[in-house]
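> A predicted structure for the sequence below; I have some questions about it.
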Amino acid sequence: MTHLAFITSLHQRRILRFALTRLHIVKRCLCIVYLLCIVHCAFCINKVTPLEGEGLWAFYIRNGLDTKELREEFYAINQGKFSKDGGLLTGVYYKIPEKCEVKETVNESVPQPPKPVDKKKLTKVTPLEGEGLWAFYNRVGLNTRGLRDQFAELNNGRFDKNGGLLTGVYYHLPDSSLYVPDEAKKEVKKKQKDEVTEPLLGSAYEKVKITSHELDSCVFYLVSGHGGPDPGAIGTVGLHEMHEDEYAYDVILRLGRQLMMCGATVHFIIQDEKDGIRDDAFLIGSKSETCRGKKIPLDQLSRLKQRCEAINSLSKSCKSKYQRAVFIHLDSRSTDKRIDVFFYHKKGSSKGKQLAKNVQKVFKKKYDTHQPTRGYEGTVASRDLYVLNNTNVPSLFLELGNIQNSQDQQRFIKKDNREALARWLCQGIIKDATE
């Protein structure tokens, strides 16, 4: 009996030990499952931090928060991690809902290639609700400045007053396969514009070295007054005659050369294949000037109309955003009337007026530097002139001085003074074009 009880007790102890062992195993398994659940949750609910400068919508796009419900869940699981206005905080990690198809986290230090754009599907696109400009650029693959410039040009007039996107408006996308990278453009431009040749400047000046690129995208239409059968005003110095058209033409050629040195495209409307830039004090008069190869008519109205039509024809096919016409004349007044350079623009032309003011500022500054006691009285005003009223680009009309006054005549007779006039005009134009 005692022996049997001992066996029973031993059997019970074995059963108990076995049960306890199994219980430990179950506990361990539960712990492992619990840990796996934590790890699983950690991977299911991703934690990401915003990139430097990344806006809310760009963050949404990168992390798959493409529905209102997912964004509401995102805010619910990240309560207390936003700025006062609901924005993201740099350096804070945010949980992403499990349902999101999260994109691979971007390494901030390594530039990432943009997602390829399906051009067939994205010929026209409209911004998402609340989507900012940079988020839009990221989504459609406008990843270079050149492509963004093309995008802005293609969609001119479709932006708000601050340059932002308009909801509900469809925007054209540039074809990136036709895009030449900025670096390649610069290289081509540099090769093309190290030096240009303009035979109209004369053999001594026709090779023009490009010294800067401030006016690379600018186009100018330069017109010297009178010409052909009309010499304009005539002044006299001793036995020498000074013809207005010859001196205006010499200054216009020098101005064109200065502009070309800064990378500009220059169209000389009045041309003389025989006379380039001349360094003589007294320039011999001739009737060989043409309007871009066409004979200049004697009738004044026909002559002015011919010039305006030449400018308008050239500007019509030009895509440059900065196009300006410059008309240069010499005034004729009484011999005792000394005058400064006067600047005129078309009435109501804000761009023409601004150009005139910018050039005047340079002249005033130069006079204050070189002749501080003399004073400067050159003014800017609107003037009802045919060439200003009938030219399609903003224009500047100049009277360089009185061809009859002995002091003003020095402004034209000395080649260095003619060069200074051209140089100052160019500086004023650069000021206008680059502001």
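That came through, no problem.
> From now on I want contacts and neighbour counts done on CA atoms only, so please keep to that.
OK.
> my read: I252 touches S224, true?
Yes: I252 lies in contact with S224 (CA atoms under 8 Å); the separation is 6.1 Å.
> shared neighbours of the two, which are they?
I328 (CA atoms under 8 Å, 6 or more residues apart in numbering).
> Which one's more surrounded, those two?
The neighbour count for I252 versus S224, taken as other CA atoms under 10 Å, is higher for I252 (28 against 25).
> now whatever helix or strand that one lives in, how far from the chain's geometric center?
Following DSSP states H and E, one finds I252 within helix 244-261. With CA atoms, centre = their mean, to the nearest Å as the basis, helix 244-261 stands 28 Å off its chain's centre.
> Mind giving me the packing neighbours of it?
strand 207-209, strand 218-224, strand 265-268, strand 322-331, helix 415-434 (3 or more CA pairs under 8 Å, 6 or more residues apart in numbering; DSSP states H and E).
> ranking the ones you listed by burial, who's on top?
strand 218-224 (a mean of 24; mean count of other CA atoms under 10 Å).
> the inter-axis angle of that strand versus helix 244-261?
Between the axes of strand 218-224 and helix 244-261, defined by axes from the mean of the first three to the mean of the last three CA atoms, to 10 degrees, the angle is 170 degrees.
> can you tell me the average pLDDT over the helix or strand that strand 218-224 is followed by?
Counting by DSSP H and E, the next helix or strand C-terminal to strand 218-224 is strand 234-237. Confidence over strand 234-237 (mean pLDDT, whole number) is 95.
> List the buried residues in strand 234-237.
Judged by neighbour count (16 or more other CA atoms under 10 Å), strand 234-237 contains these buried residues: G235.
> And stretch 200-215, how far out from the chain middle?
So, by CA atoms, centre = their mean, the centroid of stretch 200-215 is 24 Å from its chain's centroid.
> Would you mind measuring the gap between the ends of it?
Across stretch 200-215, the terminal residues are separated by 20 Å (CA to CA, to the nearest Å).
> if we can go back for a sec, out of the helices and strands packed on helix 244-261, nearest to T90?
helix 415-434 (36.5 Å; CA to CA).
> Would you mark the buried spots in the helix holding I252?
Here helix 244-261 shows 244-261 as buried, counting by 16+ other CA under 10 Å.
> can you check stretch 354-370 too?
Applying a neighbour-count criterion of 16+ other CA under 10 Å, one finds 354-364 buried in stretch 354-370.
> Same list (the residues you listed) but as a markdown table, adding secondary structure, pLDDT and distance to H267.
What follows is those, written out as a markdown table (DSSP: H, G, I helix; E, B strand; the rest coil; pLDDT from 0 to 100; distance: CA to CA, whole Å):
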| residue | secondary structure | pLDDT | distance to H267 |
| --- | --- | --- | --- |
| Q354 | helix | 97 | 22 |
| L355 | helix | 97 | 18 |
| A356 | helix | 97 | 20 |
| K357 | helix | 96 | 23 |
| N358 | helix | 96 | 22 |
| V359 | helix | 96 | 20 |
| Q360 | helix | 95 | 23 |
| K361 | helix | 94 | 25 |
| V362 | helix | 94 | 24 |
| F363 | helix | 94 | 24 |
| K364 | helix | 92 | 28 |
